[in-house]
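In: give me coordinates for this.
(one chain, ligands or ions: 1)
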Amino acid sequence: MSEWSEILDYLERSGLRRRPVTIDGPQGPRVHIGDREFLCFCSNNYLDLANHPDLIDAATDAARRYGTGTGASRLVSGSMTVHHKLEEAVARLKRTDAALLFPTGYMANLGTIPALVGRGDTIFCDRLNHASVFDGCRLASATLRVYPHRDADALDHLLRRERGGRTLVVTDSVFSMDGDLAPLPDLLEVCERHGATLMIDEAHATGVMGATGRGAAEHFGIEPGRIPVLMGTLSKAVGSIGGYVAGSTDLIDLLLNRARSFIYTTAPPPPACAAAAAGLRLIQAEPQRRTALWERTRQLHDGLRRLGLDIGPSQTPITPVIVGDARAALALAQKLLERGILAPAIRPPTVPEGSARIRITPMATHTTDDVAALLDAIA
Ligand SMILES: Cc1ncc(COP(=O)(O)O)c(C=O)c1O
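Out: Residues are numbered from 1 along each chain as shown. Below is the predicted model of the structure:
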């Protein structure tokens, strides 16, 4: 018995204890656990770039040219050509003046929000934003107001009562656990009317949404530059790791000077940055990957609906099968595993109490037979 066993026992009894599975081999539509192969339906490697030869070659070349580590933070001696090239590539995709890299998307949110607002200011945050957005809000000394999910009218109402100080509105563009979309045109209109700054988290939209993969802002036809703060990650559709913020040169300069998770951490490793740059190239050069991902998504959504299952408000590849009870979700995940499908249960606190689920994400390289096998297993 350690001093922690009571908490661990409680988590176990409530069906909330977590244990990672160990994948032996690359991330793809199929993965190996031990000596068995599984269909993987839970990865954010949407376009299957994390094991693409171009990314592997780029990472290998960068390791040879720059080494594996950077040895210092970006503001000391850690900034290398590979970081600048990647920042330029992000800015080109997002069609902004500039971009800034962070080691992860989590750290981008953690550093950016407190750099933009402080005491006397107010943050408005969607109730279902990602944990990293909430953690960024908590680190800022601004007042935090949480508005109802996707509710631009409620936001308008709250902003009307606001007096003085800066106002920052933060929303995921694609919500990570329900796969629904923030009403970006409405939110933008409300923000512009009230002089509030809109920041969007495009973690699950970049590479997935919009004709060129620019994200949900492109999907909605919002002109580049109108949303002042575009945050995202290189760890999902882009196939590597790293977070970024894209925007005006002043915004980027401010973050470089103020974002603590940029300043007080070692610069990201060159191989990961070079791989991400190769991923960004493929996102734009091979739109057929995006098309395939959406075809599999439609097949999945239609199939689950035909089975009479509750997939919530999903409008994107992120597809929740909502079970409710955490232990029931665990049991379903276990049954799927026995049938050769990896799609773990997502439980509180990642999702609200009583809404435990299997979160299914197809990949561009899943076949129609793969999706049919998943539907069959769920049925
Ligand atoms: C909406 C959202 N924002 C931020 C992150 C954090 O990104 P990263 O994994 O690069 O830290 C994630 C997921 O991990 C996410 O789903």
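In: spell out which residues of the stretch 151-300 of the chain are next to the ligand.
Out: 172, 176, 201, 203-204, 233, 235, 243 (C-beta under 6 Å from any ligand atom). No exception for glycine: its C-beta is placed from N, CA and C like everyone else's.
In: pull the most distant pair out of these.
Out: Within those, two members stand farthest from each other by C-beta to C-beta: 172 and 235, at 15.0 Å.
In: give me the more crowded residue out of the two.
Out: residue 172 (27 against 21; other C-beta atoms under 10 Å).
In: host element of residue 262?
Out: Residue 262 belongs to helix 260-263 when assigned by DSSP states H and E.
In: next one: that helix to chain centre, how far?
Out: Chain-centre distance of helix 260-263: 20 Å, with C-alpha atoms, centre = their mean, to the nearest Å.
In: mind listing the strands for the protein?
Out: Along the chain, the segments classed as strands by DSSP state E run 30-33, 36-40, 98-102, 122-126, 143-147, 167-172, 197-201, 229-233, 243-247, 319-324, 341-342, 345-346, 356-360.
In: looking at the ones you listed, which is nearest to residue 74?
Out: That would be, of the strands of the chain and by C-beta to C-beta, strand 98-102, which comes in at 7.9 Å.
In: quickly run through the sheet partners of the closest one, with directions.
Out: Strand pairing for strand 98-102, using DSSP bridges, gives strand 243-247 (antiparallel).
In: just the residues contacting the partner strand, thanks.
Out: Here strand 243-247 makes contact (C-beta atoms under 8 Å, 6 or more residues apart in numbering) with 87, 90-91, 94, 96-109, 112, 228-235, 251-252, 255.
In: which residue, neighbours along the chain excluded, lies closest to residue 152?
Out: residue 186 (3.7 Å; C-beta to C-beta, 6 or more residues apart in numbering).
In: pLDDT score assigned to the closest residue to residue 190 other than its chain neighbours?
Out: Nearest residue to residue 190, sequence neighbours excluded (C-beta to C-beta, 6+ apart): residue 156, at 4.7 Å. pLDDT recorded at residue 156 is 98.
In: what's the neighbour count on residue 156?
Out: Neighbourhood size, residue 156 [other C-beta under 10 Å]: 17.
In: quick one on the thing from earlier: just the buried subset of the contacts of strand 243-247, please.
Out: Applying 16 or more other C-beta atoms under 10 Å to the contacts of strand 243-247, the neighbour count classes 87, 90-91, 94, 96, 98-109, 112, 228-235, 251-252, 255 as buried.
In: and the nearest residue to residue 88 once chain neighbours are set aside, what does it touch?
Out: Closest residue to residue 88 apart from its sequence neighbours, by C-beta to C-beta, 6+ apart: residue 99 at 7.6 Å. Counting by C-beta under 8 Å, 6+ apart, residue 99 makes contact with 87-88, 90-91, 244-247, 252.
In: if you set the cut-off to 7 Å instead, what comes out?
Out: 87, 90-91, 244-246, 252 (C-beta atoms under 7 Å, 6 or more residues apart in numbering).
In: any idea how far the ligand is from it?
Out: 15 Å (C-beta to the nearest ligand atom, to the nearest Å).
In: hey, what's that residue bridged with?
Out: Applying DSSP bridges, one finds that residue 99 bridges with residue 246.
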